[in-house]
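Novice: Dropping the sequence and predicted coords here.
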Amino acid sequence: MLEVQGLRKVYPGRREVEALRDLSFTVGNGELVCLVGPSGCGKTTLLRCIAGLLEPSGGTISLDGRAVSGPPPGLAMVFQEYGRSLFPWMSVRDNVELPLKQKKLPRTRRAELVEEALTAVGLAGTEPAYPWQLSGGMQQRVAIARAVAYEPSTLLMDEPFAAVDAQTRADLEDLVRALWQRLGVTVLFITHDIDEAVYLGQRVVMLSSSPTVVQDEITVDLPAERDQLHTRADPRFTELRTHVYEQIQRAKRAQPA
Ligand SMILES: Nc1ncnc2c1ncn2[C@@H]1O[C@H](COP(=O)(O)OP(=O)(O)OP(=O)(O)O)[C@@H](O)[C@H]1O
């Protein structure tokens, strides 16, 4: 379970920036929550705080009951820029295996996890290839496999599909839901795409413009079995996306105090 309470982040300096003002939300065990907000609202700042890479100016973050200070052990991340998150000089196998070596798992267990994870993302057989020999969508699958192989309790995804084409994006969205349902992992998925947030999430948390607070939150009461054609054509989907869209527009118009 991820708990963010009264999180505040001010970047000091000549031009002091209050990026996050007062952010509180939770992601329950095994839940999939999407976070949307206008550009520049501090999504990256929030993620870096959760990942223990940036020290908050106030408030608390805890993961599985432990306060976050430094990179938490049960956390894996998938970034937008797969091209920069995979090592080009390492094979697909070595990229996926690397965090497992850092976890000091024995060789046979590492091999099992790599194989299972690559199979789960539909990339069995690509182990000897280098990332640059694969398409963008395949590279992002490798990045997802690397996160999954790590067996995290919580997965943070930072606009992971922003750089792939629409068809690949739809496939990857379905992959994330399938993996989430199968693995029971807690997922915080950050996106600026309102339709994606409603399609993927059990809940959608909307952020205001910077200095950021939680503007609104909705439960996505769509059936758990979702598919690109029927879910997106469901009138309830349209209602929910309209609500989120209106809130984001309000957030963009609001003048920060
Ligand atoms: N290292 C830094 N020093 C000073 N200000 C910063 C720093 N990093 C971010 N900021 C400021 O904090 C605010 C939030 O930035 P952040 O990158 O977290 O937003 P974001 O929501 O991820 O943006 P985008 O959606 O455009 O990627 C911005 O006003 C930005 O200028």
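Specialist: Sure thing, it's come through.
Novice: residues in contact with the residue of the stretch 101-250 of the chain found nearest the ligand?
Specialist: Per Cβ to the nearest ligand atom, the residue of the stretch 101-250 of the chain with the smallest distance to the ligand is Ser210, at 4.9 Å. For glycine as for every other residue, the C-beta is placed from the backbone atoms N, C-alpha and C. Residues counted as contacts of Ser210 (Cβ atoms under 8 Å, 6 or more residues apart in numbering) are Val17, Glu18, Ala19, Leu20, Gly40, Cys41, Gly42, Pro256.
Novice: again with Arg236
Specialist: Asp221, Leu222.
Novice: May I have the phi/psi pair for it?
Specialist: Arg236 has phi and psi values of phi -70, psi -40 when expressed as degrees, to the nearest 10.
Novice: Quick check: residues of the stretch 151-257 of the chain near the ligand?
Specialist: Residues of the stretch 151-257 of the chain lying close to the ligand by Cβ under 6 Å from any ligand atom are Ser210.
Novice: Strands of the stretch 151-257 of the chain, start to end?
Specialist: Here the stretch 151-257 of the chain has its strands, by DSSP state E, counting those that start in this stretch, at 154-158, 186-190, 203-207, 212-219.
Novice: quick revisit: among the contacts of Ser210, name the ones in strands.
Specialist: Taking DSSP state E, the ones among the contacts of Ser210 that sit in strands are Val17, Glu18, Ala19, Leu20.
Novice: Switch those residues over to CSV, and while doing so, append distance to Val244, pLDDT and neighbour count to every line.
Specialist: Converted to CSV, those look like this (distance: Cβ to Cβ, whole Å; pLDDT from 0 to 100; neighbours: other Cβ atoms under 10 Å):
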residue, distance to Val244, pLDDT, neighbour count
Val17, 26, 91, 14
Glu18, 25, 92, 15
Ala19, 22, 92, 22
Leu20, 20, 94, 27
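Novice: want to throw these into a markdown table with distance to the ligand?
Specialist: Compiled in a markdown table, the ones in strands among the contacts of Ser210 are given as follows (distance: Cβ to the nearest ligand atom, whole Å):
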| residue | distance to the ligand |
| --- | --- |
| Val17 | 4 |
| Glu18 | 8 |
| Ala19 | 3 |
| Leu20 | 8 |
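Novice: and the residues you listed, which two are the farthest apart?
Specialist: Farthest-apart pair in the ones in strands among the contacts of Ser210 is Val17 and Leu20; separation 10.0 Å (Cβ to Cβ).
Novice: So which residues of the stretch 1-150 of the chain form helices?
Specialist: 43-50, 82-85, 92-102, 107-120, 136-149 (DSSP state H, counting those that start in this stretch).
Novice: out of the ones you listed, deepest packed?
Specialist: Of all these, helix 136-149 has the most neighbours on average by mean count of other Cβ atoms under 10 Å, namely a mean of 24.
Novice: Per-residue pLDDT of the residue nearest in space to the middle of the chain, please?
Specialist: In the chain, the centroid-proximal residue (Cα atoms, centre = their mean) is Met157; its distance is 1.6 Å. On pLDDT, Met157 comes in at 93.
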